[in-house]
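Colleague: no sequence for this one, just the structure:
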Ligand SMILES: Cc1cc2nc3c(=O)[nH]c(=O)nc-3n(C[C@H](O)[C@H](O)[C@H](O)COP(=O)(O)O)c2cc1C
């Protein structure tokens, strides 16, 4: 499948004869990717073909952004020395996070904690310590002049700035999954933004938004991701009013 400009959208009826043959996804593939794109922290060492990444970027660029400014930028890092440098920049933030959240205590005395908790903390810690082994690192940034931060004046933490970059990031995650690739999105590299920008020659006007480790998953995919049911977050007409039968999408 080539990255062409001619590919067009359908009217949504996937069975329709109007669907361009160049589409490889059916609606089932999309929903499956949405439900089954876990954070992967252990990867095979196999390289990822550039063609596959290009295909994912080609689809991800159709994400929405305020004013259609498309401020996203991505640096693909595969060079072993640069990957090691990114790990070195990631680790201080990770270790501080482990201290702050109690993860360091879990690792120091694993027998005192639930096995599932130990496994989760250990997995995330292994990911951080072995970040340089992840075959592809996507460093995702956004052009600050392209962001319209409509909630900047509210007396609370701003959230809207991210709205013009994270739909693109989610498109990347879904696209990677659709290609059979595994990924881990993290944000702990962002506090080391100045050093990361200097390492990769990223211009001043770019803010770091995410780091995505990419590769082929070592081990099987999980059967089901742990998520709260629809009834806990979606309401009908008024906050707290149930939408649909409770427990139907649990
Ligand atoms: C904004 C953000 C930051 C995250 N930071 C980390 C991180 O620092 N380390 C890590 O191992 N996973 C990180 N994750 C992954 C989450 O832990 C993961 O999405 C969550 O536990 C659900 O995991 P699952 O999709 O495998 O079920 C992050 C995810 C998001 C969206």
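Modeller: Perfect, I can see it now. Fair warning: this is a prediction, and the values are worked out from it, not measured in the lab. Numbers count the residues shown, from 1 in each chain.
Colleague: correct me if wrong, but residue 105 is in a helix.
Modeller: Yes: counting by DSSP: H, G, I helix; E, B strand; the rest coil, residue 105 is located in a helix.
Colleague: so how far is the ligand from it?
Modeller: Residue 105 is 17 Å from the ligand, where distance means CB to the nearest ligand atom, to the nearest Å. Just so you know, the C-beta spots here come from the backbone N, C-alpha and C atoms, and that holds for glycine as well.
Colleague: next up, identify which helix or strand residue 173 is on.
Modeller: Assigned by DSSP states H and E, residue 173 falls within helix 166-178.
Colleague: tell me if that helix is near the ligand.
Modeller: No: Helix 166-178 stays clear of the ligand (CB under 6 Å from any ligand atom), getting no nearer than 8.3 Å.
Colleague: what residues of that helix count as buried?
Modeller: By 16 or more other CB atoms under 10 Å, the buried positions in helix 166-178 come out as 166, 167, 168, 169, 171, 172, 173, 174, 175, 176, 177, 178.
Colleague: next, the nearest residue to the second one once chain neighbours are set aside: secondary structure please.
Modeller: With CB to CB, 6 or more residues apart in numbering as the criterion, residue 167 has its nearest non-adjacent residue at 4.3 Å, and that residue is residue 63. Each residue gets one of three states, and residue 63 gets coil by three-state DSSP.
Colleague: quick check: phi and psi on residue 63?
Modeller: Per-residue torsions, residue 63: phi -60, psi 150 (degrees, to the nearest 10).
Colleague: against the ligand, how distant is it?
Modeller: Distance of residue 63 to the ligand, given as CB to the nearest ligand atom: 16 Å.
Colleague: tell me how far that residue lies from residue 144.
Modeller: Distance, residue 63 to residue 144, by CB to CB, to the nearest Å: 18 Å.
Colleague: these two: who's more crowded?
Modeller: residue 63 (17 against 13; other CB atoms under 10 Å).
Colleague: give the contact list for that one.
Modeller: By CB atoms under 8 Å, 6 or more residues apart in numbering, residue 63 lies in contact with 72, 167, 168, 170, 171.
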